[in-house]
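K.L.:
Sequence and predicted model, in that order:
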Amino acid sequence: MNRPFITLFALLAALSAQAAEPWSVERCMEYAAEHSHAVRLQQYDLDASRTERTRAIGAFLPEVYGSVGAQMNFGRAIDPETNTYTDVNTFYNGYGLQASLVVFDGLQRYNELRMARANVAMGRSALQAEKDAVRLRVYKACMDLLYCEGAVEHTQRKRDESRELLHQVEVMAEVGQKSEADVAQMRATLAADDYELTHMQSQTTKALLALKQQMNFPIADTLIVEKPAIDASLLPTDNAYNIYNVALTTNPRIAQAAGNVAAARYALRAARGAFLPKLSLSGGVSTSFYRNMDVGGHAPFGQQFKNNAGEYVTLSLSIPIFNRLGSVSSVRSRRIALDRARESLNYERSELQRIIAEAVADVENSAKEVQKMQDQVEADSLAAYLTTRKFEEGMASSIDVRTAAVTLLQSRVRLLQSQLTMMYNRQVLAYYEK
């Protein structure tokens, strides 16, 4: 085997090992925050807001445009040189360059610029809020996947124990210590365990696909999520009221709602500016070329271009009187939008307070549930062990063994579920505590 082939093989092996490397839950969350479709769509909205801000800045600059025109007259027309009527065919060519600037427009452009800036700030908050929401959804999807994987592990463990017990019962039946009914019951228990294991493996596959979809992770690539450490001793470091006061100034959804109020306020002010007079300043230069198509002897183009040149300056004042209630309707609609934005802000604040109070209670209750389930698992483990020993001694039936084993499996799965639920509740609370 030559050296280049060995190098290529080593590189492919390294890439394969890297792809199969377990991902922490935090790494999954950050990957989703950068690659999620929802985050990318929100980024496009932010880019659109920035474009509108650029347009609002450009409204303060003068507007400059040039014009070129050509005209051929046949029959009766006005001679540009003598300003009298003539019946000959003439050609006229005009050039112009004009600039105009709005001096005052009732502060409409100023308020539209402030509204555009508020929309950009609101877009940033919306982008951050979407990233945080994606992180929480991915965290929840990771917990669902870890639950399914843990359930598969516990079910497989019970299936192995049932297989060993079946073998033991078959041996005891050969020597007459157990009946064929006990053997049949153990085989039924093993079959039920095989079915439950297959079902949980299917649920694990669905949970993995759901996680990849939330992360926008390639479906065909391998993704292994590393189970985080579980610590049941951690409780909220502060009460709900203090956490709420901190979240009011840091939560992006509150900032987004507040930005919406600011943008609506500036939009209303811009609409009111339409009732004020508008002052505009404009100026330009123009020149022309004229030629009699029937009679020669016209001045050269360069001479006419220079001699016919002229400049002008215009200052105009426009006073709005009646525009079919357009300005009145605009003010009313934007006042309604402002009231709606304020109500949305109040709702977000109230919802934030409720969510934080619920998160604090969930963390405290889930920690208690984990402790209770640990005690139940210990008790069910002892009960299952004693029932199995009684069955071996002929003091318990196979149905008792199956019931005790199923109860233990359910307790273990519920303990795993309560542990993962506690971790998710802590993650939610930590998001509002930051």
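P.N.:
Cool, the structure landed. Values in this document were obtained by computation on a predicted structure and should not be read as measured data.
K.L.:
OK, contacts around the nearest residue in space to Asp105 that is not next to it in sequence?
P.N.:
Using CB to CB, 6 or more residues apart in numbering and skipping the chain neighbours, the partner closest in space to Asp105 is Lys278 (4.9 Å). Any C-beta I mention is one placed from the backbone N, CA and C, and that applies to glycine too. Counting by CB atoms under 8 Å, 6 or more residues apart in numbering, Lys278 touches 102, 104-106, 317-320.
K.L.:
can you pull the contacts of the residue lying closest to Ala141 once chain neighbours are set aside?
P.N.:
Leaving aside its sequence neighbours, Ala141 sits nearest to Leu211 (CB to CB, 6+ apart; 4.2 Å). Shown in contact with Leu211 (CB under 8 Å, 6+ apart): 28, 138, 141-142, 144-145, 217, 223, 225.
K.L.:
most surrounded residue in those?
P.N.:
Highest neighbour count within the contacts of Leu211: Cys142, with 29 neighbours (other CB atoms under 10 Å).
K.L.:
follow-up on the earlier one: out of the contacts of Lys278, which end up buried?
P.N.:
Buried members of the contacts of Lys278, counted by 16 or more other CB atoms under 10 Å: 102, 105-106.
K.L.:
got TSV for those, with secondary structure too?
P.N.:
Below are the buried ones among the contacts of Lys278 laid out as TSV (DSSP: H, G, I helix; E, B strand; the rest coil):
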residue	secondary structure
Val102	strand
Asp105	coil
Gly106	coil
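K.L.:
Arg269: which of the contacts of Lys278 is nearest?
P.N.:
The closest of those to Arg269 turns out to be Gly106 (CB to CB; 9.3 Å).
K.L.:
My understanding was that the closest one contacts Arg269; is that so?
P.N.:
No. With contact defined as CB atoms under 8 Å, Gly106 does not reach Arg269; the gap is 9.3 Å.
K.L.:
Just the CA trace of stretch 346-361, in PDB.
P.N.:
Only the C-alpha atoms of stretch 346-361 are listed here, as PDB (Å, rounded to 0.1, in the frame of the first residue of the first chain):
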ATOM      1  CA  ASN A 346     -48.500  45.000  28.300                       C
ATOM      2  CA  TYR A 347     -49.500  41.400  27.300                       C
ATOM      3  CA  GLU A 348     -45.800  40.400  26.900                       C
ATOM      4  CA  ARG A 349     -45.000  41.800  30.300                       C
ATOM      5  CA  SER A 350     -47.900  39.900  31.900                       C
ATOM      6  CA  GLU A 351     -47.000  36.700  30.000                       C
ATOM      7  CA  LEU A 352     -43.400  37.000  31.100                       C
ATOM      8  CA  GLN A 353     -44.400  37.300  34.700                       C
ATOM      9  CA  ARG A 354     -46.600  34.200  34.400                       C
ATOM     10  CA  ILE A 355     -44.000  32.200  32.700                       C
ATOM     11  CA  ILE A 356     -41.300  33.000  35.200                       C
ATOM     12  CA  ALA A 357     -43.500  32.200  38.200                       C
ATOM     13  CA  GLU A 358     -44.500  28.900  36.500                       C
ATOM     14  CA  ALA A 359     -40.800  28.100  35.700                       C
ATOM     15  CA  VAL A 360     -39.800  28.700  39.400                       C
ATOM     16  CA  ALA A 361     -42.600  26.400  40.600                       C
END
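K.L.:
Name the residues of it that are buried.
P.N.:
Of the residues in stretch 346-361, 348-349, 352-353, 355-356, 359-360 count as buried by neighbour count, 16+ other CB under 10 Å.
K.L.:
Looking at those residues, which are in helices?
P.N.:
Counting by DSSP state H, the buried residues of stretch 346-361 place 348-349, 352-353, 355-356, 359-360 in helices.
K.L.:
Would you mind giving those residues as TSV with distance to Asp182 and pLDDT added?
P.N.:
Listed next are these as TSV, based on distance: CB to CB, whole Å; pLDDT from 0 to 100:
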residue	distance to Asp182	pLDDT
Glu348	63	96
Arg349	65	96
Leu352	60	96
Gln353	60	95
Ile355	54	94
Ile356	56	94
Ala359	51	91
Val360	52	91
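K.L.:
Can you lay out those residues as a markdown table showing distance to Ala32?
P.N.:
Shown next, in a markdown table, are those (distance: CB to CB, whole Å):
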| residue | distance to Ala32 |
| --- | --- |
| Glu348 | 24 |
| Arg349 | 28 |
| Leu352 | 23 |
| Gln353 | 28 |
| Ile355 | 21 |
| Ile356 | 24 |
| Ala359 | 21 |
| Val360 | 26 |
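K.L.:
between these, which is closest to Gln410?
P.N.:
Ala359 (27.6 Å).
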